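Asker: following is a predicted model, sequence given first.
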Amino acid sequence: MRPIKHLSKLAILAGLAFAPSAFATPYDTLQSIAGSYNVFLLGNLGSAAAPFQNTDSQGRVAVAGNAYINGSAINGNNVSGDGALIVGGNLSQTGGSIAGNAYVGGNATLSNTGSVQNLVVGGSLTDSGGTIGGNVFVGGASTNLSGGVTINGSLSLTGANSTLNASSNGGSSPSAIYVTASSQVNDPSYWTAAKTSGAPATPATPLDVFGSSTDITNASTSLTALSGATNVSSTGGVINITLSKNGLNVIDLNITDGATITGINITNANGITPTGLIINVNGNNLNFNGGSFSLGSLSNSSVLFNFGNATAISLQNLAFEGALLAPLATVNFSSGHIDGALIANTYMGPGQINYVGFNDPLPTYQASGSGSGTVVATPEPESIFLFGSGLIVLGVYGRRRIIMTTAAYA
């Protein structure tokens, strides 16, 4: 984990302890994230001018940067696990839904967003309309409610010198309101009186998005260095790949920069029974346009496309089958859907992202930078900070707000 240069906000609500990491290698982290999250982004989801609009992610979403959502469903298939949406920076969402708990490291601006359960916000909260089924925790300077927001659980303002303004809300009163002694409360008559003690503990965020981002980048680099790979080169069009090994196959696919790919066709050599496939794609500014993905005997849950050096990938008019790992890339998806985990830097476009659980086809971890790709039989364990169930540390690394919490990896 990189050092934190500056902590702009620190809310300590429980004890701090040291404990070993739940996962010892970047491969473990990659497997955990790809199997648990439909989307994991090291940068942003959408932009203010072009939000993630009128589509959905069937599974859980984690974003290290900012998330801009308009009319889209998050975790539409109600995939189990804490944290339907985790945002390290700011969240702006209009309409749509979040099926589960939401954790935001920065400010949250919601408007008529449905299905939210518990909501944890490190910065300020502005909410107009919609229903929150559980508790709300706000650690920032202000909470502004209007347009008929309904909070079925309690509302806790944990920040010092915070303000609550709900005079124009018109929604139902929370079961209880908890504030610090220095909070300033605009308390409408239909709301219960605010209390300064007895608040429930703030839930810890289930994923360290920034620390995991570093491990994801390392994992992608390590995968590109795998030995014994079969080399395939292409200038675009339909790419045909024949798998020649039982068990896990690794393909080094070299594609001309700027090429357009119109299909991928995977077959098995006679007598071969593959169990998993890693395709290390070497190429940049790649365009996948139409055509079809045929994975042969493999399921999309056991195929991983690793774009180790790509900074721009365009997808349109197709169903992309398998997990897409591109930690340096902005992925633009104008139409179609991805059937598998999406792990990238930034995601733009209305392409739908369908949840497919990722079955681990990864080899024994190989340390990046070893030069020879030597297998590390016994990975050296890491030590990380683990925080108590009520502890949230919210800060800024450079210009990016991050979350450090109880469990480093989900």
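Answerer: Nice, I can see it.
Asker: so what secondary structure elements neighbour the biggest helix by length in the chain?
Answerer: Of all segments of type helix in the chain, defined using DSSP state H, the longest is helix 209-224. Packing partners of helix 209-224 (3 or more CB pairs under 8 Å, 6 or more residues apart in numbering; DSSP states H and E): helix 26-36, strand 61-63, strand 274-282, strand 303-307, strand 323-339, strand 400-404. All C-beta atoms are positioned from the backbone trio N, CA, C, and that covers glycine.
Asker: redo that, cut-off 7 Å
Answerer: Here helix 209-224 touches helix 26-36, strand 274-282, strand 303-307, strand 323-339, strand 400-404, going by 3 or more CB pairs under 7 Å, 6 or more residues apart in numbering; DSSP states H and E.
Asker: list the neighbouring strands of the helix or strand following the third one plus their orientation.
Answerer: For strand 303-307, the following helix or strand on the C-terminal side (DSSP states H and E) is strand 312-321. Based on DSSP bridges, the strands next to strand 312-321 in the sheet, each with its direction, are strand 286-289 (parallel), strand 323-339 (parallel).
Asker: okay, the angle between the longest helix of the chain and strand 274-282?
Answerer: Calculated by axes from the mean of the first three to the mean of the last three CA atoms, to 10 degrees, helix 209-224 forms an angle of 100 degrees with strand 274-282.
Asker: from residue 157, how far off is the residue nearest the centre of the chain?
Answerer: Nearest residue to the geometric centre of the chain (CA atoms, centre = their mean): residue 62, 1.8 Å. Applying CB to CB, to the nearest Å, the value for residue 62 to residue 157 is 26 Å.
Asker: thinking again about what came up before, of all the strands paired with strand 312-321, which lies closest to residue 305?
Answerer: strand 323-339 (5.4 Å; CB to CB).
Asker: so for that closest one, mean pLDDT?
Answerer: Taken as a whole, strand 323-339 carries a mean pLDDT of 97.
Asker: next one: that strand to chain centre, how far?
Answerer: 13 Å (CA atoms, centre = their mean, to the nearest Å).
Asker: residues making contact with that strand?
Answerer: In this structure, residues lying in contact with strand 323-339 by CB atoms under 7 Å, 6 or more residues apart in numbering are 34, 42, 216-217, 220, 300, 303-307, 309-321, 340-349, 351-354, 356, 358.
Asker: could I have the buried ones of those residues as ChimeraX selection syntax?
Answerer: Typed into ChimeraX, the line below selects the buried ones among the contacts of strand 323-339, using 16 or more other CB atoms under 10 Å:
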select :34,42,216,217,220,300,303,304,305,306,307,309,310,312,313,314,315,318,319,320,321,340,341,342,343,344,345,346,347,348,349,351,352,353,354,356,358
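Asker: quick check: which of the strands paired with strand 312-321 is nearest to residue 152?
Answerer: strand 323-339 (33.3 Å).
Asker: quick one: contacts for the closest residue in space to residue 219 that isn't next to it in sequence?
Answerer: In space, and not counting its chain neighbours, residue 219 is closest to residue 26: 3.7 Å by CB to CB, 6 or more residues apart in numbering. Residue 26 makes contacts with 215-216, 218-219, 222, as judged by CB under 7 Å, 6+ apart.
Asker: hang on, the earlier thing: for residue 201, see how far away the residue nearest to the centre of the chain is.
Answerer: Per CB to CB, residue 62 is found 22 Å from residue 201.
Asker: deepest of the helices and strands packed on helix 209-224, which one?
Answerer: For those, the largest average neighbour count (mean count of other CB atoms under 10 Å) is found in strand 303-307, namely a mean of 26.
Asker: export that strand as PDB, just CAs?
Answerer: The C-alpha trace of strand 303-307 is given here as PDB (Å, rounded to 0.1, in the frame of the first residue of the first chain):
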ATOM      1  CA  VAL A 303     -11.400 -17.000 -19.000                       C
ATOM      2  CA  LEU A 304      -9.400 -13.900 -18.300                       C
ATOM      3  CA  PHE A 305      -8.300 -11.300 -20.900                       C
ATOM      4  CA  ASN A 306      -5.400  -9.300 -19.500                       C
ATOM      5  CA  PHE A 307      -4.700  -6.100 -21.300                       C
END
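Asker: residues touching that strand, excluding its own?
Answerer: With contact meaning CB under 7 Å, 6+ apart, strand 303-307 is reached by 220, 223-224, 277-281, 295, 313, 321-326, 329, 361.
Asker: could you pull out the buried residues of the longest helix of the chain?
Answerer: By 16+ other CB under 10 Å, the buried positions in helix 209-224 come out as 209-224.
Asker: output the below-cut-off pLDDT ranges for the stretch 201-350 of the chain.
Answerer: Across the stretch 201-350 of the chain, no stretch falls below the confidence threshold (pLDDT under 70).
Asker: so who does residue 27 touch?
Answerer: Counted by CB under 7 Å, 6+ apart, residue 27 has contacts 219, 362, 365.
Asker: which one of those residues is nearest to residue 161?
Answerer: residue 219 (42.2 Å).
Asker: going toward the C-terminus from the longest helix of the chain, what's the next helix or strand?
Answerer: Next element after helix 209-224 (DSSP H and E): strand 230-234.
Asker: note down every partner strand of that following strand and its orientation.
Answerer: According to DSSP bridges, strand 230-234 forms sheet pairs with strand 247-255 (parallel).
Asker: residues contacting the partner strand, please?
Answerer: In contact with strand 247-255 (CB under 7 Å, 6+ apart) are residues 226, 228-234, 236, 241, 243, 274-283, 286, 361, 363.
Asker: kindly report the same for stretch 314-321.
Answerer: For stretch 314-321, contacts defined as CB under 7 Å, 6+ apart pick out 287-291, 293, 295, 300, 303, 331-340, 351.
Asker: what's the answer for stretch 173-193, then?
Answerer: Contacts with stretch 173-193, where a contact means CB under 7 Å, 6+ apart, come from 151, 153-158, 160-167, 194-196, 198-199.
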